[in-house]
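Chemist: fold the following, please.
(one chain, ligands or ions: 2)
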Amino acid sequence: MVTPSDGARPAAAGRAPSGQGGPGQRHAAGDGRAGGAPLLRLRGLGKRFGPVQALSGVDLDVPAGQVTALVGDNGAGKTTLIKCVAGIWEPSEGEIIWKGHPVHVRTPRDASALGIATVYQDLALCDNLDIVQNMMLGHEPRKFGLLDEVAMELTARRTLADLAVTTVRSVRQTVGSLSGGQRQSVAVARAGMQEAQLVIMDEPTAALGVSQTELVLALITRLAQRGHAVIVISHNLNDVFRVADRIAVLYLGRLVADGPAAEFDRQSVVDIMTTGTSLRRGSGASSREGALPAAPDTGWEV
Ligand SMILES: Nc1ncnc2c1ncn2[C@@H]1O[C@H](COP(=O)(O)OP(=O)(O)OP(=O)(O)O)[C@@H](O)[C@H]1O
Ligand SMILES: [Mg+2]
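Modeler: Ligands and ions are numbered 1, 2, ... in the order given. This next block holds a predicted model:
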């Protein structure tokens, strides 16, 4: 089990699993760690869709100022888990604990009010609006009852500059005219701007090219450095080892392993994703191996 102190401590400096070449980013704690506890804790979280038990008994701690990568094979329950946190699905059982207090997140609005923002691939932005309008959507400042366009543009510019998003030529460009990486950067910056203390991203780099992926990975790292808790779902283990401080592995709806990224290597992550267990794991990472059925070899690239 990951204990509260384990989940909350700043990870050891210089993580660089042999051969991974990861940057070993260590992030300062944000102010979301109430009394050193993780910002978000899931306890016994379960979700059933009729006969399908998509998630069961998930215990997970998500600390502020760190990137938690959520990995697992297709159908493992990753999207279901984040949808429970984002207020899309109500869990069938278990608790969501936010800053030490149990909460009910019944709608995306509830999640947003708590400070939880979710970035879904391709669904995050309105193509026909410009970058400023997209970033401020639903949070527009007003002056004398009118939209304060100047303040909106300044806020959007400042946020993009803070996060070093430098590749967009004009904040008045429509989002439909941006590249995939630029779109995703705007979506992530938008989430970071809306005082979200937890930013969740489902496959943020899927379908992006190499340089666009770099842009988004750098942004994810900067969000964590600024104190946000970040949960990233990714199938790409290169990306995972580039940005993750912690790795959590789902297998057939159960969380079978989680711990500091330094305590995994690619092979162990692949083993756990495909069989629910690994003999190659470092001793420090938490393991929840039970009598799990062996899965067929799904040919994960290592
Ligand atoms: N709305 C739904 N109704 C019924 N079953 C669902 C629903 N959403 C998900 N499931 C089931 O729950 C399980 C977990 O699905 P989920 O989408 O969370 O997996 P995932 O880990 O995100 O997979 P992928 O990597 O393919 O995106 C699957 O067996 C899926 O068929
Ligand atoms: Mg999914």
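
Chemist: domain parsing for the chain?
Modeler: 1-115+197-204+228-302, 124-196 (automatic domain parsing).

Chemist: can you put those in a markdown table and add mean pLDDT?
Modeler: Listed next are these as a markdown table, based on pLDDT from 0 to 100:
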| stretch | mean pLDDT |
| --- | --- |
| domain 1-115+197-204+228-302 | 78 |
| domain 124-196 | 84 |
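
Chemist: what ranges do the helices span in the stretch 201-302 of the chain?
Modeler: Along the stretch 201-302 of the chain, the stretches classed as helices by DSSP state H, counting those that start in this stretch are 210-225, 237-243, 266-275.

Chemist: how about the second one as CSV, C-alpha atoms only?
Modeler: Read that as helix 237-243. Extracted in CSV, the C-alpha atoms of helix 237-243 (Å, rounded to 0.1, in the frame of the first residue of the first chain):
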residue,chain,number,x,y,z
LEU,A,237,5.7,4.3,-22.4
ASN,A,238,8.3,6.7,-23.8
ASP,A,239,6.0,9.6,-22.8
VAL,A,240,5.2,7.9,-19.4
PHE,A,241,8.9,7.7,-18.5
ARG,A,242,9.6,11.2,-19.7
VAL,A,243,7.0,12.9,-17.5
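
Chemist: how far away from the center of its chain is that helix?
Modeler: 13 Å (Cα atoms, centre = their mean, to the nearest Å).

Chemist: show me what counts as buried in it.
Modeler: 237-243 (16 or more other Cβ atoms under 10 Å). From N, CA and C alone the C-beta is placed, and that goes for glycine too.

Chemist: quick check: closest non-adjacent residue to residue 239.
Modeler: Spatially, and ignoring its direct neighbours in sequence, residue 239 is nearest to residue 205 (5.4 Å; Cβ to Cβ, 6 or more residues apart in numbering).

Chemist: pull the number of nearby residues for the one you found.
Modeler: Residue 205 has 27 neighbours, counted by other Cβ atoms under 10 Å.

Chemist: contacts only, for the closest residue to residue 231 other than its chain neighbours.
Modeler: In space, and not counting its chain neighbours, residue 231 is closest to residue 200: 4.6 Å by Cβ to Cβ, 6+ apart. Counting by Cβ atoms under 8 Å, 6 or more residues apart in numbering, residue 200 touches 82, 85-86, 116-119, 230-232.

Chemist: hmm, try it at 7 Å
Modeler: For residue 200, the contact set (Cβ atoms under 7 Å, 6 or more residues apart in numbering) comprises 82, 85-86, 116, 118-119, 231.

Chemist: do the same with residue 202
Modeler: Contact analysis of residue 202 by Cβ under 7 Å, 6+ apart lists 79, 82, 120-121, 233.

Chemist: ok, of these, which come out buried?
Modeler: 79, 82, 120-121, 233.

Chemist: of the residues you listed, closest to ligand 1?
Modeler: Ligand 1 lies nearest to residue 79 out of the buried ones among the contacts of residue 202, by Cβ to the nearest ligand atom, at 3.2 Å.

Chemist: does that closest one lie in a helix or a strand, and which?
Modeler: Residue 79 belongs to helix 78-85 when assigned by DSSP states H and E.

Chemist: could you list every helix and strand in contact with that helix?
Modeler: strand 40-49, strand 52-62, strand 67-72, strand 198-202, strand 229-233 (3 or more Cβ pairs under 7 Å, 6 or more residues apart in numbering; DSSP states H and E).
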